[in-house]
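Here is my input, please return the structure:
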Amino acid sequence: MNRMEMAGLAVQIPAPLASKLDTLAHRMQCAPDKLVELALSSWLAREEEDEKLIREALDDVDAGRVVEHSVVQAWADSLDAENPQATPF
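Numbers count the residues shown, from 1 in each chain. Predicted structure coming up:
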């Protein structure tokens, strides 16, 4: 089994947050540093995905793949109607 190379990281966190981390780690029978690793990995993955989606959206704007605000507003206004408009995007 390959072991991932590890690096140490010292951080200061508010005492109430540390207390919550310790409580959860105890309840889950897991080391607090493992929970921090899982939380940080999850947060970084979400941030990377957000950044990717923003880049894709900006590429769409640059390429002219957009829907005018007035068209979206008309569609949104129609959602309460008996026969709402088809989604414009």
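
so what's residue 24 closest to, chain neighbours aside?
In this structure, residue 24 finds its nearest non-sequential neighbour in residue 35, 6.3 Å apart by C-beta to C-beta, 6 or more residues apart in numbering. For every residue, glycine as well, the C-beta is placed using N, CA and C.

Just the pLDDT at the one you found, thanks.
Here the pLDDT value assigned to residue 35 is 97.

cool, residue 1 as well?
If you check residue 1, the pLDDT there is 61.

Likewise for residue 82?
92.

OK, contacts around it?
Contact analysis of residue 82 by C-beta atoms under 8 Å, 6 or more residues apart in numbering lists nothing.

residues contacting the closest residue to residue 72 other than its chain neighbours?
With C-beta to C-beta, 6+ apart as the criterion, residue 72 has its nearest non-adjacent residue at 6.3 Å, and that residue is residue 88. Going by C-beta under 8 Å, 6+ apart, residue 88 touches 67, 71-72, 75.

re the thing from before, since we're on the residue nearest to residue 24, how many residues are nearby?
15 (other C-beta atoms under 10 Å).
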